[in-house]
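1. what follows is a protein structure lacking sequence information:
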Ligand SMILES: NC(=O)C1=CN([C@@H]2O[C@H](COP(=O)(O)OP(=O)(O)OC[C@H]3O[C@@H](n4cnc5c(N)ncnc54)[C@H](OP(=O)(O)O)[C@@H]3O)[C@@H](O)[C@H]2O)[C@@H](O)CC1
Ligand SMILES: Nc1ncnc2c1ncn2[C@@H]1O[C@H](COP(=O)(O)OP(=O)(O)OP(=O)(O)O)[C@@H](O)[C@H]1O
């Protein structure tokens, strides 16, 4: 199934045979980066570029902007998230006032996102969990997942601390058909517990948060990813990361896909494991690379986000394996970034569309 999904992905990768201008192969916006975590958004944005996107933005906390700019001149850096001072101020506000401030901050954030005219938005790497940042990003995710007025908005990839926002309020992704979430075992357990708590009659917003906080990671089996997509209302693609990555998407109840599946007596949806050989090294940041690579692939995938996800997982694993072969125990995430181009061609061969001159 993963091999079949990669075959699907080969069909939507843009070729270099056709003339195009800067931006047409992907404009990826990463929302993340805080004073503690400035590496994660860099890894995600650089992975989008190394996978083939033309332009990458990072919208980050003002305190992180200098460090992110210093990482690479390739990145367009916008200090558009609430500052540490703003986080302290908002944390002292009463809840109702906090919501109003969050809505305004979310509108500002979306204004910055729209100005970039993105093909994909990756939310979460290095975002942190400060109150004002989480409130603004949660409201922004909810708006992004609605897909814009004509339903043709950018693909949305939610990773790392954006998944904390989903665990606090699972309904923010409901109805999102061009949305991928990329939880590790801990993040999947939080979202599953929160979605189950939120589904109970008369559940309060605090119930989901309490259930998420108490959740413990369990075994990541295939039913887990499909079950998670279903618990989130279907339509959302889930990439459950682990020793093998499981990609799944349940149909939205009442949709044509759900009705067709129901006629067969099945629940429907798609679920498969990506077990492409990876690296034994578990240095931090590999999830960020996956999220950024997925941002580029999702830009081209239209509705086929399971195929984009399968390809991104296989490419990340292949690149990590190559990096480990060269650097062994010294492998760090930038080594994996350097391997993405060749890994892409091994996983999705014959997608360049042009002949390369052979070195003598
Ligand atoms: N250089 C940088 O800037 C980097 C920044 N980063 C940024 O850091 C932020 C926080 O991200 P995060 O992944 O540390 O947070 P979270 O999900 O709470 O995990 C911690 C908890 O979950 C558990 N746990 C984790 N994985 C598990 C597994 N597979 N299976 C089972 N358990 C697992 C783990 O368990 P423990 O280690 O305690 O056993 C612990 O309790 C985020 O913004 C991210 O982008 C990183 O990207 C790295 C590079
Ligand atoms: N045990 C494993 N063996 C091989 N590959 C793995 C293993 N665990 C994770 N991976 C690969 O690493 C990728 C990132 O997974 P990981 O669990 O490290 O994410 P994460 O915790 O979100 O990372 P980050 O450090 O960026 O926060 C996965 O997509 C998967 O391909």
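-> Now that the structure is in, tell me what you want to look at. These figures come from a predicted structure and were not determined experimentally. Residues are numbered from 1 along each chain as shown. Ligands and ions are numbered 1, 2, ... in the order given.

2. and the nearest residue to residue 34 once chain neighbours are set aside, what helix or strand is that in?
-> Counting by Cβ to Cβ, 6 or more residues apart in numbering, residue 34 lies nearest to residue 128, which is 3.8 Å off, once chain neighbours are set aside. In short, each C-beta sits where N, CA and C put it, glycine included. Secondary structure from DSSP states H and E places residue 128 outside every helix and strand.

3. what's the neighbour count on residue 128?
-> Residue 128: 23 surrounding residues under other Cβ atoms under 10 Å.

4. phi and psi next, for it.
-> For residue 128, the backbone dihedrals (degrees, to the nearest 10) come out as phi 80, psi 180.

5. OK, contacts around it?
-> By Cβ atoms under 8 Å, 6 or more residues apart in numbering, the contact list for residue 128 reads 34, 35, 36, 37, 61, 161.

6. burial count for the third one?
-> It refers to residue 36. Neighbour count of residue 36, defined by other Cβ under 10 Å: 13.

7. residue numbering should commence at 257 henceforth.
-> With the count now opening at 257, the last piece we talked about shows up as residue 292.

8. how about the nearest residue to it, chain neighbours excluded?
-> Distance criterion Cβ to Cβ, 6+ apart; nearest residue to residue 292, sequence neighbours excluded, is residue 384 at 6.2 Å.

9. low-confidence bits of the stretch 457-606 of the chain, can you list those?
-> The stretch 457-606 of the chain contains residues with pLDDT under 70 at 475-479, 518-522.

10. tell me where the stretch 457-606 of the chain has helices.
-> With helices called from DSSP state H, counting those that start in this stretch, the stretch 457-606 of the chain shows them at 461-470, 478-487, 512-519, 542-556, 561-583, 589-603.

11. mean neighbour count and distance to residue 331 added to those, as CSV?
-> CSV is the format used below for the helices of the stretch 457-606 of the chain (neighbours: other Cβ atoms under 10 Å; distance: least, Cβ to Cβ, whole Å):
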stretch, mean neighbour count, distance to residue 331
helix 461-470, 16, 31
helix 478-487, 22, 31
helix 512-519, 13, 38
helix 542-556, 30, 11
helix 561-583, 25, 19
helix 589-603, 20, 13
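
12. out of the ones you listed, nearest to ligand 1?
-> Evaluated over the helices of the stretch 457-606 of the chain, closeness to ligand 1 peaks at helix 542-556, with 4.8 Å, by Cβ to the nearest ligand atom.

13. okay, the angle between that closest one and helix 589-603?
-> Using axes from the mean of the first three to the mean of the last three Cα atoms, to 10 degrees, the inter-axis angle of helix 542-556 relative to helix 589-603 is 40 degrees.

14. pretty sure residue 534 contacts residue 575?
-> No. The pair residue 534 / residue 575 is not scored as a contact, 9.1 Å apart, by Cβ atoms under 8 Å.

15. distance of the closest residue to ligand 2 within the stretch 507-616 of the chain relative to residue 599?
-> Per Cβ to the nearest ligand atom, residue 543 is where the stretch 507-616 of the chain lies closest to ligand 2, at 2.4 Å. As defined by Cβ to Cβ, to the nearest Å, residue 543 lies at a distance of 16 Å from residue 599.

16. which of the contacts of residue 384 tops the neighbour count?
-> Among the contacts of residue 384, residue 317 has the most neighbours (other Cβ under 10 Å), with 29 neighbours.

17. got the residues of the stretch 407-556 of the chain near ligand 2?
-> The stretch 407-556 of the chain comes close to ligand 2 at residues 416, 440, 497-499, 501, 534, 540-544, 546, as judged by Cβ under 6 Å from any ligand atom.

18. which residues of this protein lie near ligand 1?
-> 293-296, 381-383, 416-417, 440-443, 473, 540-541, 543-544.

19. apply 8 Å and report the result again.
-> Contacts of the chain with ligand 1, taken as Cβ under 8 Å from any ligand atom, map to 288, 290, 292-299, 380-384, 415-417, 419-420, 440-443, 473, 497-498, 540-541, 543-544, 589.

20. and those, which are buried?
-> For the residues of the chain next to ligand 1, a burial check counting by 16 or more other Cβ atoms under 10 Å picks out 288, 290, 293-299, 380-384, 415-417, 419-420, 440-441, 443, 497-498, 541, 543-544, 589.

21. from those residues, which land in helices?
-> Judged by DSSP state H, helices contain the following of those: 295-299, 416-417, 419-420, 441, 443, 543-544, 589.

22. OK, contacts around residue 305?
-> For residue 305, the contacting residues are 284, 311, 312, 330, 552, by Cβ under 8 Å, 6+ apart.

23. can you tell me which of the residues you listed comes closest to residue 410?
-> Set against residue 410, the nearest of the contacts of residue 305 by Cβ to Cβ is residue 284 (8.7 Å).

24. what's the spacing between that closest one and ligand 2?
-> Residue 284 sits 17 Å away from ligand 2 when distances are taken as Cβ to the nearest ligand atom, to the nearest Å.

25. what helix or strand is that residue located in?
-> With DSSP H and E as the test, residue 284 turns up in strand 283-287.

26. remind me what that strand packs against, helices and strands.
-> The elements that strand 283-287 packs onto, with contact taken as 3 or more Cβ pairs under 8 Å, 6 or more residues apart in numbering; DSSP states H and E, are helix 295-307, strand 311-315, helix 351-371, strand 376-379, helix 542-556.
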